[in-house]
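J.: need the 3D shape of this:
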Amino acid sequence: MNKTEEYIKSHWDQCVRENQQDEDSLLGLPYPYTVPAIGHFNELYYWDTFFTNKGLALSGRYDLIKNNVDDMLYLVNRYGFMPNGNRTWFLSRSQPPFLSEMVLDVYEHYHDPVWLEGAYHQLEREYQFWMCERMSPVGLNAYGGQKKPEEEEASIADFKKRVGCEVTLSDQDVYDQYLFSAESGWDMNPRWGFEAKNFVPVDLNSLLYCLENNMCYFAEILENGQAELWVSRASMRRDLMNQYMDRGDGVLLDYNFVKKEHGKVLSAASFYPLYAGLVTPEQAAAAAGELRNLEADHGILTCVQNDTPGNYQWDYPNGWACLQYMTIMGLDRYGFKKEAKRISEKYVKMVEKVFEESGNLWEKYNVVEGNINVQNEYGLPPMMGWSAGVYLAAKKYLEQ
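T.: Model (predicted):
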C-alpha cells in the first residue's frame, strides 16, 4: 500500500458526520454519512457519494456505503426527490440521478430483497420527480430547479461573480442558468452557452436510462410484474436519444430543443452513454474516437478547448475525478480496455505525484499539466470524497 492509499484508508472516518435532528439549515439524517472533505463540509452530497462509495467499497467500508444510501432513501421519502444535499437551501434542486446505481451496489453486496423492496418504492418516487418536474418538449429530460424569490438576488450575483464575464441576459434568465447548472453538478460549465434551460443533456438522460434498466432488474428480483414496463421505458429513451442526440456519426451530444441543434462544446458527458450501455458498438467506437480531443497527458478533459465567454471550473484544462471514472468504465464496457487502462494509469500517476508534492488529494486537477493549476471559481479545497474513491477504483482497474 503506497502513501496515497494509506492516507485515504486512514482518513475515511474523518469524513463521517452524524446529525439526526434538523438543526438550522442542516437537515437531520437517520444514519452517519460521509462528506466530501475533512473539515470543509458537513453535508451529504448527492452525486459525489456514488464515487465516494466506490472507494469505501475498496476499503471494506460497506457500513458507510449502506448508511449513505439509506440516508438518501430517507430524503426521497421525506421530500419526493433526492436533493442536492441535506441543507434547506438545496431543496430547490436535485443532482445527477445516481441513486439507482448506489442501490444496485448495496443490493449486490447484501442481497437483501426486503431492503430492496423498500428502496424500489423510493426509486419510483425519484423517477416520477424527473419525469414530472424535469421533462422537455421532446420527451427527454432536462435539468431545472425551483425558483425561490428570497434566493434569486444572491444566486444571480453568485453566477455573475463565478463566471466572471459580462452576461447579456435578463436576471430571470441568469437565475435559470444558475439553477440548471447547479442541478447538473457541472456548476459552472460552457456546454450550453447561456441557454441551459433549452438543452436536454446527454449525461442526465444516460443516467435515467440506467435507472430504468436497474428498475427492470429489481422488478425481476422482486417478481412484482413491472419488469416489462421498465424495459419499454428504457427502450423509448434510447430511441429518443438516438433521434435527437446523435450528431450523425454515432457520438451523442447535448441537444438544444429550441434551436433544434446539438451543443457546440464537446465534453466528457458524451462517454456517459457508454457507461449506461445504451449505444451500439459502432456508436461506442465513434465516442472512443473522440479521445483524440478529450484525452490529455494526465487524464480526461472536462470539455475541449472552446471560446465560450467566461471562466468555468467544469472546462478545459480541468479534469474531475467523476468524469475519469465514467469514461474508464464506459470504455471498458465496450471492450476498449487498452484505452481505459491508459487513462487510469495517467490519472493514478498524476494523483500520486500531486499527493507527494502537496500531501493532499484535490477537488479537481489540471490534466494537461498534471498539477492543481486549475480554472477556479472559488478557492480550491483539498478533497477526499470522489477524488479518493476514483483514485482507488482506477488503481484497482489497473490490477485487473
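J.: where along this structure do the strands fall?
T.: For the chain, applying DSSP state E gives strands covering 16-17, 33-34, 199-200, 255-256, 261-262, 295-296, 299-300, 318-320, 361-362, 364-366, 382-383.
J.: which of these sits most buried?
T.: Ranked by average neighbour count under the criterion mean count of other CB atoms under 10 Å, the strands of the chain are headed by strand 299-300 at a mean of 28. All C-beta atoms are positioned from the backbone trio N, CA, C, and that covers glycine.
J.: show me what it packs onto, helices and strands only.
T.: Counting by 3 or more CB pairs under 8 Å, 6 or more residues apart in numbering; DSSP states H and E, the packing neighbours recorded for strand 299-300 are helix 321-333, helix 337-358.
J.: in the stretch 1-150 of the chain, where is pLDDT below threshold?
T.: Along the stretch 1-150 of the chain, the model assigns pLDDT under 70 to no residue.
J.: 80 instead?
T.: For the stretch 1-150 of the chain, the stretches with pLDDT under 80 are 39-40.
J.: hey, where'd the helices end up in it?
T.: With helices called from DSSP state H, counting those that start in this stretch, the stretch 1-150 of the chain shows them at 3-11, 46-58, 62-79, 99-110, 113-133, 149-163.
J.: centre of the chain to the first one, how far?
T.: I take that to be helix 3-11. Its chain's C-alpha centre and that of helix 3-11 lie 24 Å apart, by CA atoms, centre = their mean, to the nearest Å.
J.: for residue 286, which of the helices of the stretch 1-150 of the chain is the nearest?
T.: Closest to residue 286 of the helices of the stretch 1-150 of the chain, according to CB to CB: helix 99-110, at 24.5 Å.
J.: list the buried residues in the closest one.
T.: For helix 99-110, burial by neighbour count (16 or more other CB atoms under 10 Å) applies to 99-107.
J.: residue 97 and residue 123 touch, don't they?
T.: No - using CB atoms under 8 Å, residue 97 makes no contact with residue 123, being 9.3 Å away.
J.: what residues are shared contacts of those two?
T.: With contacts defined as CB atoms under 8 Å, 6 or more residues apart in numbering, the residues shared by residue 97 and residue 123 are residue 211.
J.: what about residue 2, how many neighbours?
T.: Neighbours of residue 2 under the rule other CB atoms under 10 Å: 11.
J.: pretty sure it sits against residue 352.
T.: Yes - if you go by CB under 8 Å, residue 2 and residue 352 touch, sitting 6.8 Å apart.
J.: dump the helices and strands packed on strand 299-300 to a markdown table, plus mean neighbour count, mean pLDDT and distance to residue 389.
T.: Formatted as a markdown table, the helices and strands packed on strand 299-300 follow (neighbours: other CB atoms under 10 Å; pLDDT from 0 to 100; distance: least, CB to CB, whole Å):
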| stretch | mean neighbour count | mean pLDDT | distance to residue 389 |
| --- | --- | --- | --- |
| helix 321-333 | 25 | 98 | 7 |
| helix 337-358 | 18 | 98 | 12 |
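J.: okay, the ones you listed in CSV with distance to residue 220 next?
T.: Output for these, formatted as CSV (distance: least, CB to CB, whole Å):
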stretch, distance to residue 220
helix 321-333, 21
helix 337-358, 29
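J.: quick one: residue 251 from residue 273, how far?
T.: Distance, residue 251 to residue 273, using CB to CB, to the nearest Å: 9 Å.
J.: scratch that, residue 68
T.: 26 Å.
J.: the more surrounded of those two?
T.: Between residue 68 and residue 273, counted using other CB under 10 Å, the more crowded position is residue 273 (27 against 24).
J.: out of the helices and strands packed on strand 299-300, which is closest to residue 149?
T.: Of all these, helix 321-333 comes closest under CB to CB, at 32.3 Å.
J.: which helices and strands does that closest one pack with?
T.: With contacts defined as 3+ CB pairs under 8 Å, 6+ apart, the packing partners of helix 321-333 are helix 46-58, helix 272-276, helix 281-289, strand 299-300, helix 337-358, helix 385-398.
J.: parallel or antiparallel, which strands does the shortest one pair with?
T.: Take DSSP bridges as the rule and strand 299-300 pairs in its sheet with strand 295-296 (antiparallel).
J.: how far off centre is the partner strand?
T.: 20 Å.
J.: quick check: mean pLDDT of that strand?
T.: Throughout strand 295-296, pLDDT has a mean value of 98.
J.: now do stretch 173-188
T.: In the prediction, stretch 173-188 has an average pLDDT of 96.
J.: what does it contact?
T.: 47, 84, 92-96, 142-147, 152, 155-156, 158-160, 162-163, 167, 169, 189, 192, 194, 196-197, 201, 203-204, 302, 310, 312-314, 322, 377.
J.: repeat the analysis, applying 7 Å as the threshold.
T.: 47, 92-96, 143-145, 147, 152, 155-156, 158-160, 162-163, 167, 189, 194, 196-197, 201, 312-314, 377 (CB atoms under 7 Å, 6 or more residues apart in numbering).
J.: stretch 75-84 now?
T.: Residues from elsewhere that reach stretch 75-84, judged by CB under 7 Å, 6+ apart: 45-46, 72, 86, 90-91, 93-95, 99, 122, 125-126, 129.
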